[in-house]
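> got a structure for you, letters missing:
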Ligand SMILES: [Zn+2]
Ligand SMILES: [Zn+2]
């Protein structure tokens, strides 16, 4: 039996942390459950899940639907499209059975690449390699999740670029259903003929739209700030999300956004965060004057999750006094500062 390999490639950068990741995780479960009830898909589809942030990792190798177990999605820092394309090409080289003179190999793999942000590495080399060697061997569908997804670079590697614009659970379920209908359609069409194109289900206009590349993605930095800290006690990472209040001063001469960033959530992360993050990720900073709110640590409950060390590490403290920085591993004397200072900002 020839296999139809399906790769779900999911962005798990910090901007996805919390509800979006839970939705995606439930979505993959729903997808597989739905496909198992389709006899064509059940016979041909094999599914693999790859997660990427600053680094990419295969969470679930290519397996037949009955043996697939939905993986738990971790969170990492960054959105390295170059790294994930390299990883994907490696997976295709090693997992896909080629057609030879004696034997028919796998059907053309179908890849769903989902991202919600802008690439934090330079993917141009990987894109070049993809267009030269993989373009004709793989059906790649790119899905931008939400308004911040910057998809311009990806137009080079896929004719199928869509943006998911829903915001509630219901529309996300519809979106997952669209993926499963597309997989079903594809498994039917490959079983029926030797087609090498892709049969996508008709997208629901309400939730999925064709990307208009003349209309750029909304600048992410304007709307929210993400800070990553490390628990002093448990050495585990956490993510603080600050959202900008809408406050503009607009005259005929200038348009100034003066809104501060208010804390909206603090999310505990797992050890895998470091593994999936690229090194030297924090090139951007935000001034402490712009941040409002200091939540408690989601791991140990310490009073303030937003304390900073001179080394740049953000960590949790109980209050003033001596603390141990988990970044540079030194004891430091913590005190309140009236002066503003710059804080390392994560890029999502
Ligand atoms: Zn803590
Ligand atoms: Zn330090």
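Thanks, I have it. Bear in mind that the values here come from a model prediction, so they are computed numbers and not experimental data. Ligands and ions are numbered 1, 2, ... in the order given.

> what's around the nearest residue to residue 115 once chain neighbours are set aside, how many residues?
Among residues not flanking residue 115 along the chain, residue 11 sits closest, at 4.1 Å (CB to CB, 6 or more residues apart in numbering). In this view, the C-beta of every residue, glycine as well, is placed from N, C-alpha and C. Using other CB atoms under 10 Å, residue 11 has 29 other residues around it.

> what are the phi and psi values for residue 11?
phi -70, psi 120 (degrees, to the nearest 10).

> which residues does it contact?
52-53, 79, 114-117, 145 (CB atoms under 8 Å, 6 or more residues apart in numbering).

> mind redoing it with 10 Å?
Contact partners of residue 11, counting by CB atoms under 10 Å, 6 or more residues apart in numbering, are 20-21, 24, 51-53, 73, 76, 78-81, 84, 113-117, 143-145, 149, 348.

> show me what the helix or strand where residue 32 lies is packed up against.
Element membership for residue 32 (DSSP states H and E) is helix 19-36. Packing contacts for helix 19-36, counted by 3 or more CB pairs under 10 Å, 6 or more residues apart in numbering; DSSP states H and E, involve strand 4-11, helix 39-44, strand 45-52, strand 56-64, strand 110-115, strand 139-145, helix 169-192, strand 261-268.

> residues of it that come out buried?
Going by neighbour count (16 or more other CB atoms under 10 Å), the buried part of helix 19-36 is 20-21, 23-25, 27-28, 30-32, 34-35.

> one more: stretch 198-207?
Buried, per 16+ other CB under 10 Å, within stretch 198-207: 198-201, 203, 207.

> what mean pLDDT does that stretch get?
Mean pLDDT, computed over stretch 198-207, is 72.

> where's it relative to the chain centroid, distance-wise?
Between the centre of stretch 198-207 and the centre of its chain there are 21 Å (CA atoms, centre = their mean, to the nearest Å).

> can you list the helices and strands packed on helix 19-36 in a markdown table and add distance to residue 308?
As requested, these are exported to a markdown table (distance: least, CB to CB, whole Å):
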| stretch | distance to residue 308 |
| --- | --- |
| strand 4-11 | 27 |
| helix 39-44 | 50 |
| strand 45-52 | 28 |
| strand 56-64 | 29 |
| strand 110-115 | 30 |
| strand 139-145 | 31 |
| helix 169-192 | 36 |
| strand 261-268 | 15 |
